[in-house]
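**Q** sequence below, structure please.
(one chain, ligands or ions: 1)
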Amino acid sequence: MAQQNVKSYKVLVGLEIHVQLATASKMFTGAANAFGAEPNSLVDAQVLGLPGVLPVMNRRAVEYAIKVGLALNCTIARHTKWDRKSYFYPDLPKNYQISQYDLPLCERGHFDLLEEDGSVHPVRIRRAHLEEDAGKLLHESPGGHRIDGSIVDLNRAGTPLLEIVTEPDFHSPRQVALFAQELQKIVQFLGVSQAQMQMGQMRFEPNINVHITDESGAVHKTAITEIKNLNSFSVLERATAYEINRQVEQWIDDGSLGQKSTHGWDEQREITFLQRTKEEANDYRYFPDPDLMPVEVDEGWLAELKAQVGELPAARRKRYAEALGLSAADAAALASDRGVGDYYEEALAGGADAKRAGNLLINVLGQLANRQGKPIYELGLTPHRLAEVASLIDQNKVAASNALPLIEKLLESDAAVEMTARNLGLLQTSDTAAIDAAIEALIAQDPKPLQDLKAGKQAAMGALVGMLMRQAKGLNPKLVQERLREKLGISPL
Ligand code: MN
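**A** Okay, here's the model as predicted:
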């Protein structure tokens with residue numbers, strides 16, 4: 001067919017996300033759920049699919065899944081069950097995956113995606129269900145040596161996986177990537193997954209098609225293609241962009257709409273490639289797993305989980321910016337990690353000024369946390385003591401620039417905050433008598449900078465304050481400058 005002319009086109013992308021849940025044990029057995037162990041060491045009879053072994057549901061995994069469902073405003077099923085999804089693959093010894101087919105644990109949710117221009121884009125969540133992960137086939141030995149054929153590591157087999165499926169509500173690769181980032185923050189905030197992509201704990205599969213309007217106004221819908229197993233935000237965005245473009249170009253070229261299919265991503269060549277035309281659900285021969293009890297979620301259990309979810313990062317961020325007046329960047333820094341946000345809240349409850357405490361947390365505690373390689377809330381400074389530091393600064397008793405040495409000292413002992421500041425010589429006096437005495441002495445000496453200042457050279461002020469501070473340690477520089485101006489009859493700045 002001849003070249004086609006595009007008048008406009010609309011992009012439709014839905015996202016499937018697999019999130020590994022950070023439970024101590026696997027989805028249906030007590031074998032440990034961990035990353036980086038000796039190959040095939042986290043394996044038991046159930047993982048191996050040995051005959052006669054019965055699965056037992058991991059209650060914690062169900063709770064984690066419900067928490068994510070609540071965060072995505074889903075309806076949580078009060079009654080659900082487990083289904084077998086049959087397929088043969090060497091990294092799945094049972095020959096079926098236990099999943100949820102027609103009764104997902106969570107469904108019909110929605111999430112307001114905050115775009116970079118500040119607008120809100122609503123995303124509908126179709127469902128989120130629980131299943132177990134497969135193992136891993138390796139095509140070289142762990143040392144990187146070439147081997148004949150493939151070897152299998154079943155450590156990952158049976159790990160709890162939450163599969164989240166959105167409606168095709170994304171209209172650009174950027175929106176897809178933003179949502180993926182937001183979802184990572186949510187699961188980390190909820191503490192249900194580390195969601196580290198380099199460890200495969202979060203994997204993305206965009207479903208992509210395009211509605212092309214030609215010059216006559218007719219609409220041509222390309223077939224949906226799914227790109228499998230993308231494991232970084234950047235790859236997700238680039239692969240989606242590539243695939244959109246490929247579908248449009250193909251239609252322009254020969255008018256073909258393609259076929260429903262599964263593609264892979266080649267990171268070296270930056271292209272998608274056809275893997276297979278997609279199987280239908282009936283190929284999997286889903287049926288209810290006769291070895292597992294259905295799941296009943298009662299009001300009490302649900303209420304308990306709702307209470308644990310609490311205020312989510314987006315709501316916190318909004319409140320910090322709007323009610324507390326923090327900058328967007330500071331609000332995001334404090335709200336994205338639950339521990340940091342909770343710590344901040346306690347400092348505020350301890351009487352700290354919102355901006356001062358935010359500043360100390362991000363800049364001073366952030367620096368110490370980086371240095372010590374642990375989170376802010378594990379440094380050993382109680383939020384209450386941080387609030388005391390904040391008020392010493394706000395009362396001009398300690399210079400903001402001395403917060404770091406003061407807090408470092410506070411980490412070493414439980415001594416009172418103000419006393420520690422005094423012992424370190426960081427306590428500034430606001431006793432005007434002491435300041436006035438130092439100024440009188442300076443005037444008596446009449447040094448060169450003082451003559452300069454009297455002659456109108458404002459720049460000499462800094463040198464004079466410095467001299468006064470050296471003469472009498474612990475003076476409050478702001479107050480020193482005020483008193484000096486007053487004494488000399490210079491109008492305040
Ligand atoms: Mn899945």
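**Q** contacts, neighbours, all on C-alpha from now
**A** Fine.
**Q** now the strands for the stretch 201-350 of the chain?
**A** Using DSSP state E, counting those that start in this stretch, the strands of the stretch 201-350 of the chain run over 202-214, 219-221, 225-227, 261-266, 271-277, 287-288, 295-296.
**Q** redo the ones you listed as JSON lines? Include distance to Pro93 and mean pLDDT.
**A** Formatted as JSON lines, those follow (distance: least, CA to CA, whole Å; pLDDT from 0 to 100):
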{"stretch": "strand 202-214", "distance to Pro93": "22", "mean pLDDT": "97"}
{"stretch": "strand 219-221", "distance to Pro93": "39", "mean pLDDT": "97"}
{"stretch": "strand 225-227", "distance to Pro93": "25", "mean pLDDT": "97"}
{"stretch": "strand 261-266", "distance to Pro93": "24", "mean pLDDT": "95"}
{"stretch": "strand 271-277", "distance to Pro93": "23", "mean pLDDT": "91"}
{"stretch": "strand 287-288", "distance to Pro93": "18", "mean pLDDT": "96"}
{"stretch": "strand 295-296", "distance to Pro93": "25", "mean pLDDT": "97"}
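**Q** and among the ones you listed, the most buried is which?
**A** Among those, the stretch with the highest mean neighbour count (mean count of other CA atoms under 10 Å) is strand 225-227, at a mean of 25.
**Q** now do that one: distance to the chain's middle.
**A** 25 Å (CA atoms, centre = their mean, to the nearest Å).
**Q** which helices and strands sit right next to it?
**A** strand 202-214, strand 261-266 (3 or more CA pairs under 8 Å, 6 or more residues apart in numbering; DSSP states H and E).
**Q** quick one: these as JSON lines, columns for distance to Leu334 too.
**A** Below are these laid out as JSON lines (distance: least, CA to CA, whole Å):
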{"stretch": "strand 202-214", "distance to Leu334": "23"}
{"stretch": "strand 261-266", "distance to Leu334": "36"}
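**Q** nearest to Glu440, of these?
**A** strand 202-214 (68.1 Å; CA to CA).
**Q** what's the angle from that closest one to strand 261-266?
**A** Here the directions of strand 202-214 and strand 261-266 differ by 120 degrees (axes from the mean of the first three to the mean of the last three CA atoms, to 10 degrees).
**Q** show me where the stretch 51-200 of the chain has helices.
**A** Secondary structure of the stretch 51-200 of the chain, counting by DSSP state H, counting those that start in this stretch: helices at 59-71, 173-190.
**Q** pick the most deeply packed of those.
**A** helix 59-71 (a mean of 22).
**Q** CA-only coordinates of it in CSV, if you can.
**A** Only the C-alpha atoms of helix 59-71 are listed here, as CSV (Å, rounded to 0.1, in the frame of the first residue of the first chain):
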residue,chain,number,x,y,z
ARG,A,59,-0.7,-13.7,55.6
ARG,A,60,1.8,-10.9,55.6
ALA,A,61,2.0,-10.9,51.8
VAL,A,62,-1.8,-10.5,51.6
GLU,A,63,-1.6,-7.6,54.0
TYR,A,64,1.2,-5.9,52.0
ALA,A,65,-0.9,-6.3,48.8
ILE,A,66,-4.0,-4.8,50.5
LYS,A,67,-1.9,-1.8,51.7
VAL,A,68,-0.8,-1.1,48.2
GLY,A,69,-4.5,-1.5,47.0
LEU,A,70,-5.6,1.0,49.7
ALA,A,71,-2.9,3.5,48.6
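**Q** just want the angle from it to helix 173-190.
**A** Using the same axes, to 10 degrees: helix 59-71 against helix 173-190 is 130 degrees.
**Q** counting by contacts, list what helix 59-71 packs against.
**A** Secondary-structure packing of helix 59-71 (3+ CA pairs under 8 Å, 6+ apart): strand 75-76, strand 106-114, strand 120-132, helix 173-190, helix 299-309.
**Q** quick one: average pLDDT of it?
**A** Helix 59-71 carries an average pLDDT of 98.
**Q** can you list contacts of that helix?
**A** Around helix 59-71, the neighbours that count as contacts under CA atoms under 8 Å, 6 or more residues apart in numbering are 21, 23, 27, 75-76, 105-107, 109, 128-130, 160, 162, 186-187, 190, 192, 305-306, 309, 312.
**Q** just to revisit the earlier point, want to throw the helices and strands packed on helix 59-71 into TSV with mean pLDDT and distance to Ala357?
**A** Shown next, in TSV, are these (pLDDT from 0 to 100; distance: least, CA to CA, whole Å):
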stretch	mean pLDDT	distance to Ala357
strand 75-76	98	38
strand 106-114	94	26
strand 120-132	97	29
helix 173-190	95	21
helix 299-309	96	25
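**Q** Ile376 touches Val364, doesn't it?
**A** No. The criterion here is CA atoms under 8 Å, and Ile376 misses it with Val364 at 9.7 Å.
**Q** neighbour count winner among the two?
**A** Ile376 (21 against 18; other CA atoms under 10 Å).
**Q** list the contacts of Phe204.
**A** Contact analysis of Phe204 by CA under 8 Å, 6+ apart lists Leu15, Glu16, Ile17, His18, Lys228, Asn229, Leu230, Asn231, Leu236.
**Q** now do the contacts for Asp214.
**A** Gln4, Asn5, Val6, Lys7, Ser8, His220.
**Q** buried ones from the contacts of helix 59-71, can you make that a PyMOL selection?
**A** Applying 16 or more other CA atoms under 10 Å to the contacts of helix 59-71, the buried members can be selected in PyMOL as follows:
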select buried, resi 21+23+27+75+76+105+106+107+109+128+129+130+160+162+186+187+190+192+305+309+312
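**Q** circling back: so which of the strands of the stretch 201-350 of the chain gets nearest Leu484?
**A** Closest among the strands of the stretch 201-350 of the chain, using CA to CA: strand 202-214, at 61.6 Å.
**Q** end to end on stretch 375-388, go ahead and measure it.
**A** End-to-end span of stretch 375-388 (CA to CA, to the nearest Å): 20 Å.
**Q** the longest strand in the protein is where?
**A** strand 6-20 (DSSP state E).
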